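J.: Need a 3D model of the following:
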Amino acid sequence: MPLVADALVPLTLLIALGIGLKRFGFLPDAAWAGLDRLNYWVLFPALIFVSLASERSGLPNALPIVASVWGGLTIVALLAWTLRRRLAPDGPAFTSVFQGAVRFNSYVAFLTVPVLHPDSEALTALLVAATVPFVNVACVTALARYGGGAALRKRGVLAKIVTNPLIVASLLGIAAARIDLALGPLEGSLQLLGQASLATGLLAVGATLRLRSVRSGWREVTASVALKVVALPLATAMCGLAFGLPQEVLAPLLLFQAMPTASASYVLARAMRGDERLMAGILAVHTLAALAWLPAVFVLVRWWLG
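T.: Predicted structure coming up:
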């Protein structure tokens, strides 16, 4: 499995380095917050934009891809909502299980999917662009309904989606590709910024992990893992087959859907008074366990698709 090692060893080392830097206080908390802000507003949007803008094939399966992703997410979201009382003991705990089931880590996705499936950078960027608005609306809605914070107005949710830098970068990147815009020297600069985003993003993931939070809530953690690793890829596979996606698109799509949850889930849980301690535990287990389940998903998908 040298290909899997090529994808996961750098990821593991960067996350471990982030854990070590945080534990030994190499950077103050304010510096980590500043790094997150730089990554969110500048570095990662640059990666999204250049990945989409440099794609000249036009991604002919874009609409079926988006429909498959949204279909899988909708099925799992409705399943989690239906089983809410069985998945968690209360509303705030359910919001953490829900976030673990539908959110994804973009940095892990960009460091694994294109390595395991070459020439899929633009596809990965499209998947990020398609899922960011969906999961943001779904998770904010769940927290507004079952968390302990004040509910957000529809206008507030819409404003957060419209001004999301990843969505803006995605739309601009798609537009640049459609008009065949030549980026010139700017492309190299954007690629450097994008590469920096992966390194700094994974360091921040390691710094965010709260390993002590794993001691409780194992039932809820297990439920979130089952929804994420089993239910979401299966639901997406059914939708992908129904929309006639080819093998070369369906394989990386299913791997993408098995990505661990995002560190932003902890920030959102804390901001909207979800169960932030449980969310920290789910985040830690997802991030570390994904180092084992991503190779398994990759092998199973390759075996299934032949």
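J.: Only C-alpha atoms from now on, for both contacts and neighbour counts.
T.: Will do.
J.: Pass me the low-pLDDT residue ranges in the stretch 151-300 of the chain, would you?
T.: Within the stretch 151-300 of the chain, the ranges that satisfy pLDDT under 70 run 151-158, 160-161, 213-214, 216.
J.: what are the ranges of the helices in it?
T.: 154-162, 165-178, 185-208, 218-226, 232-242, 247-257, 264-271, 276-305 (DSSP state H, counting those that start in this stretch).
J.: What is the second one packed up against?
T.: Under the contact definition 3 or more Cα pairs under 8 Å, 6 or more residues apart in numbering; DSSP states H and E, helix 165-178 sits against helix 44-53, helix 121-146.
J.: Can you tell me what sits against the shortest one?
T.: Contacts made with helix 44-53 from outside it, assessed by Cα atoms under 8 Å, 6 or more residues apart in numbering, are listed as 39, 121-122, 125-126, 165-166, 169-170, 172-177, 181, 187, 190-191, 193-195, 197-198.
J.: Show me which of the residues you listed are buried.
T.: 39, 121-122, 125-126, 165-166, 169-170, 172-174, 176-177, 187, 190-191, 193-195, 197-198 (16 or more other Cα atoms under 10 Å).
J.: The nearest residue to Leu227 once chain neighbours are set aside: what's it in contact with?
T.: In space, and not counting its chain neighbours, Leu227 is closest to Ala101: 5.3 Å by Cα to Cα, 6 or more residues apart in numbering. Neighbouring residues of Ala101 by Cα under 8 Å, 6+ apart: Val76, Ala77, Ser224, Val225, Leu227, Lys228, Leu232, Thr261.
J.: Which elements pack onto the helix or strand where the second one lies?
T.: It refers to Ala77. Taking DSSP states H and E as the criterion, Ala77 maps to helix 62-82. Judged by 3+ Cα pairs under 8 Å, 6+ apart, helix 62-82 is in contact with helix 91-102, helix 121-146, helix 232-242.
J.: Tell me which of the ones you listed sits most buried.
T.: Across the helices and strands packed on helix 62-82, the average number of neighbours (mean count of other Cα atoms under 10 Å) peaks for helix 91-102, which reaches a mean of 28.
J.: Now do the spatially most central residue of the chain against Leu127, distance only.
T.: Geometric centre of the chain, nearest residue: Phe104, 2.2 Å, by Cα atoms, centre = their mean. Applying Cα to Cα, to the nearest Å, the value for Phe104 to Leu127 is 11 Å.
J.: Next: Gly194.
T.: The value you get for Gly194 to Leu127, if Cα to Cα is used, is 16 Å.
J.: Arg302 too?
T.: 20 Å.
J.: before we move on, the earlier item: and the helix holding Ala77, how far from the chain's centre?
T.: 14 Å (Cα atoms, centre = their mean, to the nearest Å).
J.: What's the first helix or strand after it?
T.: helix 84-87.
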